[in-house]
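> Quick one: sequence and predicted model below, then my questions.
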Amino acid sequence: MRTAWVRSLAVTVVGAVPALVLGVLVGPAWGWALFAAVLLLQCVAGLRYLARLDEWSRHPSPTQTLEGAGIWDEIFARLHRHERELRGQIARRDLDLRQVAAAGQAIVDGIVTLDADGRIGWCNRTAERQLGLDLRSDRGQPIANLVRQPAFVAYLAAGDFARPLRLHAVRNEERVLSIHILPYAGGDRLMQVRDVTQSERLDHMRRDFVANVSHELRTPLTVLSGFLETVRELPLEPDERDRYLALMAEQSDRMQRIVQDLLTLSTLESSPPPPENARVGMAELLDKLQRDAEALSAGRHTITLSVDAGDLLGAESELTSAFGNLVSNAVRYTPAGGHIAIAWRRLGSSAEFSVTDDGLGIDPAHIPRLTERFYRADLGRSRESGGTGLGLAIVKHALSRHQARLDIVSAPGRGSRFSALFPPARLTA
Ligand code: ADP
């Protein structure tokens, strides 16, 4: 800078020397005239560069470079350097902003930034969907004008965000949202919108399940303790006493079956997937199944077995439990004299296990819910025949772990067909 200044001054001084010489030799007026001419030239050059700078500053462009001489050249070079640096900084900030926005879009939760007055600064697409917003038109709008559920408006107005707010999604009442508001950067706030529909549903199911288990166990337990008191406190005849003891044993068997089925379900839920290469000998398994069914039926039914496919790959205990439940249901829900057909057959490259009976059948309204825990189409019949209401839940679970699906076809009074189709990957060659 200083050198440019000195150089500029030197040009003026050098211009003054010939003017001085001319003034001494020819006369001071000529000397002053020459000096004035040198200054004028310097001024004209300066004005030209100033005009260029004025023009460029109106539309600064990195491609158009300013050229000048002396101090002007250095000023122009510095301006260009500064401008390049600024453009670089802006490009880097742009990139940062784009990355932050992309990260905001990648977050599974809805995100909305709000200023101190609750106006929307930015939101991701998930939040747009959850809250029915459109960032292009809603930016800068107070969110309370757009999400108008009274609970949300009151929550925002109260300003106490220690606990999240539960809210139903704006355009989809079935979805439940949990809204957290976190203050950041002065008065600004970050609103996080989490879809908790699934966890609410699971919570609900868990509560229902605990209530159902308690209810299922309480009934036999009440009966049991009632009999126990009677046996302990009343002088009973031996045969009367034996009858009470038999009834007590029945209730304790019932509780044992419920607990056993619950344990089976919990094992199915927590154990690793069934092996894909362990062969389950179907001929022996089905043979035993038929013998067990005959024992349960005690000669009241005709039970046939047809085996027309090879072995399965999977967990023997799970498959035995699934098939066993289907066969014992057929026996329990088919009146004496009925027929039960167990079949294992190839269907293309897959294979199907089925149990068909000509028993009571099921009303179509119950079919979609039969695999729910403790769901019974006929409560009296289920209890009377020793059912826990968990059998088909176990069947569904065990089958799905082997990539098979339970299919139910039934008509009241005509009978039922329960089947499971196993994919080729679960069959031996
Ligand atoms: P449960 O222990 O009560 O038999 P399941 O889960 O095995 O429970 O079956 C659920 C309900 O499905 C039963 O209560 C019964 O109403 C109905 N069901 C199951 N299998 C049959 C069948 N073969 N015929 C008629 N109804 C059946």
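All right, it came through fine.
> going forward, measure contacts and count neighbours with C-alpha atoms only.
OK.
> before we move on, which element is the closest residue to the ligand within the stretch 51-200 of the chain in?
Going by CA to the nearest ligand atom, the ligand is nearest to residue 198 of the stretch 51-200 of the chain, at 24.3 Å. Element membership of residue 198, judged by DSSP states H and E, is helix 197-233.
> Which parts of that helix count as buried, going by neighbours?
197, 213, 216, 217, 220, 221, 224, 227, 231 (16 or more other CA atoms under 10 Å).
> ok, now stretch 276-292?
In stretch 276-292, counting by 16+ other CA under 10 Å, buried: 279, 280, 282, 283, 285, 286, 289, 290.
> can you pull the pLDDT of residue 38?
Note on residue 38: pLDDT of 85.
> what's the neighbour count on it?
Neighbour count for residue 38, taken as other CA atoms under 10 Å: 18.
> With the ligand as the reference, measure out to residue 279.
26 Å (CA to the nearest ligand atom, to the nearest Å).
> in the sheet, who's paired with that residue?
residue 313 (DSSP bridges).
> pretty sure it is touching residue 313, no?
Yes - the pair residue 279 and residue 313 passes the contact test of CA atoms under 8 Å, sitting 4.7 Å apart.
> any shared contact partners between the two?
residue 428 (CA atoms under 8 Å, 6 or more residues apart in numbering).
> Now do the strands in the stretch 251-400 of the chain.
Remark: strands assigned in the stretch 251-400 of the chain by DSSP state E, counting those that start in this stretch are 279-280, 302-308, 312-313, 339-347, 350-357.
> and of those, who's closest to residue 176?
Nearest to residue 176 among the strands of the stretch 251-400 of the chain is strand 350-357; the distance by CA to CA comes to 40.2 Å.
> That closest one versus strand 302-308: what angle between them?
170 degrees (axes from the mean of the first three to the mean of the last three CA atoms, to 10 degrees).
> Which strands and helices lie in contact with strand 350-357?
helix 316-332, strand 339-347, strand 415-422 (3 or more CA pairs under 8 Å, 6 or more residues apart in numbering; DSSP states H and E).
> Just say which of the strands of the stretch 251-400 of the chain is most tucked in.
A comparison of the strands of the stretch 251-400 of the chain by mean neighbour count, using mean count of other CA atoms under 10 Å, puts strand 312-313 on top with a mean of 24.
> neighbouring contacts of that one?
Residues outside strand 312-313 that contact it (CA under 8 Å, 6+ apart): 275, 276, 277, 278, 279, 280, 281, 282, 426, 427, 428.
> which one of those is nearest residue 242?
Looking across the contacts of strand 312-313 and measuring by CA to CA, the closest to residue 242 is residue 282, at 42.8 Å.
> dump the residue contacts of that closest one.
With CA under 8 Å, 6+ apart as the criterion, the residues that contact residue 282 are 310, 311, 312.
> Adding distance to residue 179 and pLDDT, write the buried residues of helix 197-233 out as CSV.
Shown next, in CSV, are those (distance: CA to CA, whole Å; pLDDT from 0 to 100):
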residue, distance to residue 179, pLDDT
197, 13, 95
213, 33, 93
216, 37, 91
217, 39, 94
220, 44, 91
221, 44, 94
224, 49, 93
227, 53, 91
231, 58, 89
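> on that earlier part again, from the contacts of residue 282, which is closest to the ligand?
Nearest to the ligand among the contacts of residue 282, counting by CA to the nearest ligand atom, is residue 312 at 23.1 Å.
> How many residues are close by the closest residue to the closest one other than its chain neighbours?
For residue 312, ignoring the flanking residues on the chain, the nearest one in space by CA to CA, 6 or more residues apart in numbering is residue 427 at 4.7 Å. Other residues lying near residue 427 total 21 when counted by other CA under 10 Å.
> so residue 427 touches residue 314, yeah?
No - if you go by CA under 8 Å, residue 427 and residue 314 don't touch, sitting 9.1 Å apart.
> how far away is residue 392 from the ligand?
From residue 392 over to the ligand the distance is 4 Å, taken as CA to the nearest ligand atom.
> Hmm, residue 171 is touching residue 132, no?
Yes - between residue 171 and residue 132 there is a contact under CA under 8 Å: 6.6 Å.
> Of the two, give the one with the bigger neighbour count.
residue 132 (16 against 11).
> what residues does this protein put near the ligand?
329-330, 333, 360-362, 370-371, 375-378, 382, 387-393, 416 (CA under 6 Å from any ligand atom).
> so of the residues you listed, which ones are in helices?
Per DSSP state H, helices hold the following members of the residues of the chain next to the ligand: 329, 330, 382, 391, 392, 393.
> can you tell me which of these lies nearest to residue 246?
Nearest to residue 246 out of these is residue 382 (CA to CA; 19.7 Å).
> Quick check, the closest one in contact with residue 389.
Yes - counting by CA under 8 Å, residue 382 does reach residue 389; the two are 7.3 Å apart.
> what's the overlap in contacts for those two?
residue 376.
> So for those two, which residue has more residues nearby?
residue 389 (22 against 16).
> Next up, the contacts around the residue in the stretch 201-350 of the chain positioned nearest to the ligand.
Going by CA to the nearest ligand atom, the ligand is nearest to residue 330 of the stretch 201-350 of the chain, at 3.8 Å. Contacts for residue 330 (CA under 8 Å, 6+ apart) come out as 340, 355, 356, 357, 359.
> Kindly report the same for residue 381.
So residue 381 contacts residue 333 (CA under 8 Å, 6+ apart).
> Test for you: state the pLDDT assigned to it.
Reported pLDDT for residue 381: 83.
> Then residue 104 would be within a helix, right?
Yes - the assignment for residue 104, made by DSSP: H, G, I helix; E, B strand; the rest coil, places it in a helix.
> Hmm, it is touching residue 111, no?
Yes - Residue 104 is within contact range of residue 111, at 7.1 Å (criterion: CA under 8 Å).
> residues bridging contact with those two, i.e. touching both?
Jointly contacting residue 104 and residue 111 under the rule CA under 8 Å, 6+ apart are residue 124.
> Of these two, give the one with the bigger neighbour count.
residue 111 (24 against 19).
> what's whichever strand or helix holds that one in contact with?
Using DSSP H and E, residue 111 sits in strand 110-114. Strand 110-114 is contacted by residues 104, 120-128, 130, 188-194 when judged by CA under 8 Å, 6+ apart.
> do stretch 221-228 as well
Applying CA under 8 Å, 6+ apart, the external contacts of stretch 221-228 come out as 244, 245, 248, 251, 252, 255.
> Good, we can wrap up now.
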